[in-house]
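Enquirer: Whatever this is, show me its structure:
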Amino acid sequence: CRWRLFPVLQRHQPCCCRTRTWFVQSTVDTPLATPCSSACSIVANACSQLLTLQCLPCIAVPATMMTLLFFVTTLQVKSSSSDSGYGGDWAVRVKASLSETGKQRQQQEKAAAEAAGRKAKKRKLSLVFYFADAHWRTAELDMWPEGQQSKLGEGVQLLSGTNEDVGPWALHLRPAASGGAVSKGAAFSRLHHLGMRLQDGQQLVQLKQLMVQALAENARRIGFESGLKLWLPSISQPQPNLAAFQVTATLPADFDLVFVTRPYSNGDERLTALSGNNLTKLAAEREQQFEQHFSLTFPIYETPSSINATALAETSKAALSNLLGSMGYFVGSSKVKLPPGSEPYNPPGTNVPLGTDPTVVNYWREALFTATPSRSFFPRGFLWDEGFHQLLVQKWDPQLSRDAISHWLDLLNSQGWIPREQILGKEARARVPAEFIVQHPSHANPPSLFLPLLAHAMSVSAATSDGSSGQAEVERTKAFLKRAWPRLEVWYNWFNTTQAGQTPGTYMWRGRDASTNAELNPKTLMSGLDDYPRASHPTLEERHIDLLAWMALSSRAMAEIGKVAGAPDKAVSNFAAAADALGSMQRLKQYHYDANSGHFRDYGLHSEDVELVWQEVPQPNGAPPKRQLVRHVNTPPKNQLLPSFGYVSLFPLLMQLLPADSVELKQHLDLLQCEELLWTSHGLRSLATNSSMYNKYNTEHDAPYWRGPIWMNMNYLTLKALKHYSSVAGPHQNAAQSIYTGLRSNLL
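Expert: Numbering: from 1, shown residues only. Have a look, this model is predicted:
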């Protein structure tokens, strides 16, 4: 059962939300110039809009008109006992209050009303909670009966039902209590509801719009003689599988929403334990447990003098919480483009809809438990992002990390390919532009999962060598890596064959568009560094230094994982030999090194002299020409090492391939500190300022992404490498330590 939260503002217009605390910005009786959806236009002039857990685009209202009137904050606690069902019970406390500005505004309105000889109206806020079972085709929800009390009072059971996974369950709404005092605003709140029978799974993606439409239509039905009444109609269709409940309260008002599994087994006791003062106490206990676990897992040993240690700890906790809170469980099928030359796939009994590509098919239906870059804006898994996510998660909760990584490895097909973007289900697909939905079996993504996998393996080696406690955790990790080993071998071999360059011992990201003239430099989405400058004219002769470095890291990781997983000695030795060969200075210098600059570089067919110019471009079907930006090549390209310096150039350093006593390491340490290149007071920028592509748009609307902005994951890999070289004896040890300290301070 999933839940969403909607505050519906009866008189004013909220625009933005933030995770955990929603800052409701509003205007006073100002009509919307451009409603954000057609459904909103019905009530636009009445200044009503919705705020959800998903961040909505800000409405275009001048900043001077915006004021902060309301706070809505939430906390959620899960609980499990021998009486609860699968997944346990949970409770959400929703606290709604006026901001200081809101209080002042209310006082002003009260004074004005008293001066006019009328009674002042208190500000009210409506919260709309809506629920749908993911098994919507078979689900039936037993809703709060019609005619039940219209005030919340001591509380009410909103819903009950039976879920295929969870079993019997019930959902309750109660006024919150803290310190013995019940929230009066909640207890006297007014209740409305709506039950609907969804017929199409796509409606699950459009629940927000359905709620807006229901509010608007009921307001129109009631009429406007006594003002605008934005209430749900308090009706229910037969056998509803979607339920919505609206609670309208005078602020402040605090509510407890409690989900109880197996309610027939001491359900009342568990309900009491998860509401009121008991919930307040339980939440405090859980927060204390989090604080203790955080302090033990991520102790802050060194803090630069310019950094407030308390602020650093709080920021770190927020970052970790945001990552853990972004984890989601997605179910669905990826859209996959069959390889060139494949026959259209038409299974018996199926029809390909007109206008669709018969060579685009569904991957198998699968579940994915993963973190996301942004749960509201990117509700899907990204393969290379997940490697960095799990580096942090595996430190916090190794089993949680193993679970997520296992889900990713279960997406491996028989050839060893994993789709790089996991757009599973209608909800995720609704957030993705059509051009990015289809996945291509020849396209890779950096094998960054080897970073946390290597960390898991090294944790076993460290525990074994120092004789530390935690043997049970060691055995769980060993068992996990043993099960993962066959998949990891297939995945590695897929990279080693499909992404190999034409020159033996080199690699290239397959899938760049050699035919486009709409981009200043054809993107390399497969590399994760989307618009980072590569060869201006993609060919099969390209050599990409970052992919070579990733393969060297992957080989070393496979050797270490193999030792822990009990892989055959020959396999382990082969991977170790591959790591030495791929990361050798001889190979790096032979294919990627420019001796004049000391840079490691990509190789390909390239011209620096390119630009975007406006042209009248002919259109199909006799349509009039369209003025567009088109790439113009002023100087013919030639095969060469690419002159741009940036993150890609650093990969031999990032993957710790440079010998500790090498001249090349010294060169890179010097290059890191050059402010004309990458060094800034906030971390390393992605591309040097002297690059021809620095901060340039790739198309009219594609702003620079990896052409100057600072990316934390690359800075992290740099810090990790510097920490390594500062701990290895050699002539550059002190320099590495000094740069590490300076870069870390800048980032913090």
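
Enquirer: what about the strands in the stretch 451-600 of the chain?
Expert: Using DSSP state E, counting those that start in this stretch, the strands of the stretch 451-600 of the chain run over 593-594, 599-600.

Enquirer: What strands line up against the first one, and which way round?
Expert: Each strand that pairs with strand 593-594, with its direction, by DSSP bridges: strand 599-600 (antiparallel).

Enquirer: Which secondary structure elements does the next helix or strand after the strand it pairs with sit against?
Expert: Per DSSP states H and E, the first helix or strand lying C-terminal to strand 599-600 is strand 603-606. Other helices and strands packing on strand 603-606, by 3 or more C-beta pairs under 8 Å, 6 or more residues apart in numbering; DSSP states H and E, are strand 638-641. The C-beta positions use only the backbone N, C-alpha and C, and glycine is treated the same way.

Enquirer: Next, the buried residues of stretch 490-500.
Expert: 490-492, 494-496, 498-500 (16 or more other C-beta atoms under 10 Å).

Enquirer: Narrow those to those in helices?
Expert: Judged by DSSP state H, the buried residues of stretch 490-500 include 490-492, 494-496, 498 as members of helices.

Enquirer: surely Met558 meets Leu488?
Expert: Yes. Contact status for Met558 versus Leu488: in contact at 6.5 Å, counting by C-beta atoms under 8 Å.

Enquirer: And the two? Which one has more around it.
Expert: Remark: of Met558 and Leu488, Met558 carries more neighbours, 28 against 24, as counted by other C-beta atoms under 10 Å.

Enquirer: If I look at that one, what pLDDT would I see?
Expert: On pLDDT, Met558 comes in at 98.

Enquirer: And the contacts of stretch 403-414?
Expert: Residues from elsewhere that reach stretch 403-414 (C-beta atoms under 8 Å, 6 or more residues apart in numbering): 327, 363, 366-371, 381, 383, 386, 389-390, 393, 418-419, 422, 441, 449, 452-453, 480, 483-484, 487-488, 490-491.

Enquirer: State which strand of this protein is the longest.
Expert: Counting by DSSP state E, the longest strand found in the chain is strand 67-79.

Enquirer: Output it as CSV, nothing but the C-alphas.
Expert: This file holds the C-alpha atoms of strand 67-79, laid out as CSV (Å, rounded to 0.1, in the frame of the first residue of the first chain):
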residue,chain,number,x,y,z
THR,A,67,5.4,34.6,1.3
LEU,A,68,5.9,31.6,3.5
LEU,A,69,2.6,30.8,5.2
PHE,A,70,2.6,27.1,6.1
PHE,A,71,4.9,24.3,7.2
VAL,A,72,4.0,20.7,6.6
THR,A,73,6.5,18.1,8.0
THR,A,74,6.3,14.4,8.2
LEU,A,75,8.0,11.6,10.1
GLN,A,76,7.6,7.8,9.5
VAL,A,77,8.3,4.9,11.8
LYS,A,78,8.2,1.2,11.0
SER,A,79,7.6,-1.5,13.6
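
Enquirer: by contact count, what packs against it?
Expert: Where contact means 3+ C-beta pairs under 8 Å, 6+ apart, strand 67-79 is packed against strand 2-9, strand 21-26, strand 89-98, helix 100-115, strand 124-132, helix 276-297.

Enquirer: Where does the prediction get shaky in the protein?
Expert: Judged by pLDDT under 70, the chain has its weakly predicted residues at 1-67, 145-149, 178-179, 345-355, 465-469.

Enquirer: Tell me the residue in it that is farthest from the middle.
Expert: Gly117 (53.4 Å; C-alpha atoms, centre = their mean).

Enquirer: Helices of the stretch 151-300 of the chain, residue ranges please.
Expert: 184-187, 207-222, 267-273, 276-297 (DSSP state H, counting those that start in this stretch).

Enquirer: Ok, the stretch 301-450 of the chain next?
Expert: Under DSSP H, counting those that start in this stretch, the stretch 301-450 of the chain gives helices at 309-325, 383-396, 398-409, 426-429, 450-466.

Enquirer: which ones are touching the residue lying closest to Phe378 once chain neighbours are set aside?
Expert: Nearest non-adjacent residue to Phe378, counting by C-beta to C-beta, 6 or more residues apart in numbering: Thr372, 5.5 Å away. Contact analysis of Thr372 by C-beta under 8 Å, 6+ apart lists 326-328, 378-382, 385.

Enquirer: Can you tell me which of these has the most neighbours?
Expert: Among these, Gly381 has the most neighbours (other C-beta under 10 Å), with 28 neighbours.

Enquirer: Touching, that residue and Leu368? I think so.
Expert: Yes. Gly381 is within contact range of Leu368, at 5.4 Å (criterion: C-beta under 8 Å).

Enquirer: Parallel or antiparallel, list what pairs with the longest strand of the chain.
Expert: If you go by DSSP bridges, strand 67-79 pairs up with strand 21-26 (antiparallel), strand 89-98 (antiparallel).

Enquirer: The nearest residue to Leu678 once chain neighbours are set aside and Ile300, how far apart?
Expert: Sequence neighbours aside, Leu684 is the residue nearest to Leu678 in space, at 4.4 Å (criterion: C-beta to C-beta, 6+ apart). Leu684 sits 22 Å away from Ile300, taking C-beta to C-beta, to the nearest Å as the criterion.

Enquirer: Likewise for Ser607?
Expert: Counting by C-beta to C-beta, the gap from Ser607 to Ile300 is 49 Å.

Enquirer: Name the residue in the two with the higher neighbour count.
Expert: For Ser607 versus Ile300, neighbours defined as other C-beta under 10 Å are more numerous around Ser607 (16 against 12).

Enquirer: residues near the residue lying closest to Met558 once chain neighbours are set aside, how many?
Expert: Using C-beta to C-beta, 6+ apart and skipping the chain neighbours, the partner closest in space to Met558 is Phe575 (4.1 Å). Neighbour count of Phe575, defined by other C-beta under 10 Å: 23.

Enquirer: Enumerate every residue touching Leu488.
Expert: By C-beta under 8 Å, 6+ apart, the contact list for Leu488 reads 409, 453, 558, 561.

Enquirer: One more: Met551?
Expert: With C-beta under 8 Å, 6+ apart, Met551 has these contacts: 447, 495-496, 507, 582.

Enquirer: The residue nearest to Leu678 contacts Asn713, doesn't it?
Expert: No. Leu684 is not in contact with Asn713 according to C-beta under 8 Å; the separation is 11.3 Å.

Enquirer: out of the two, which sits in the more crowded spot?
Expert: Legend: neighbour count by other C-beta under 10 Å for Leu684 and Asn713, higher for Leu684 (21 against 17).

Enquirer: still on that earlier bit, kindly indicate which of the contacts of Leu488 lies nearest Leu232.
Expert: Nearest to Leu232 among the contacts of Leu488, counting by C-beta to C-beta, is Leu409 at 44.6 Å.

Enquirer: picking that back up, buried among the contacts of stretch 403-414? Make that a PyMOL selection.
Expert: Command for PyMOL that selects the buried part of the contacts of stretch 403-414, burial taken from 16+ other C-beta under 10 Å:
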select buried, resi 327+363+368+369+370+371+381+383+386+389+390+393+418+419+422+441+449+452+453+480+484+487+488+490+491
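
Enquirer: residues near Ser316, how many?
Expert: As a burial measure, Ser316 scores 14 neighbours (other C-beta under 10 Å).

Enquirer: ok, it - contacts?
Expert: Ser316 makes contact with 294, 298, 300, according to C-beta under 8 Å, 6+ apart.

Enquirer: just Ala253 next, same as before
Expert: 96-97, 125, 175, 183, 185-186, 189, 247.

Enquirer: so who does the residue lying closest to Val393 once chain neighbours are set aside touch?
Expert: Closest residue to Val393 apart from its sequence neighbours, by C-beta to C-beta, 6+ apart: Ser401 at 4.3 Å. Neighbour list for Ser401: 390, 393-394, 452, 456 [criterion: C-beta under 8 Å, 6+ apart].

Enquirer: got the buried residues for the longest strand of the chain?
Expert: Across strand 67-79, burial judged by 16+ other C-beta under 10 Å covers 67-72, 74, 77, 79.
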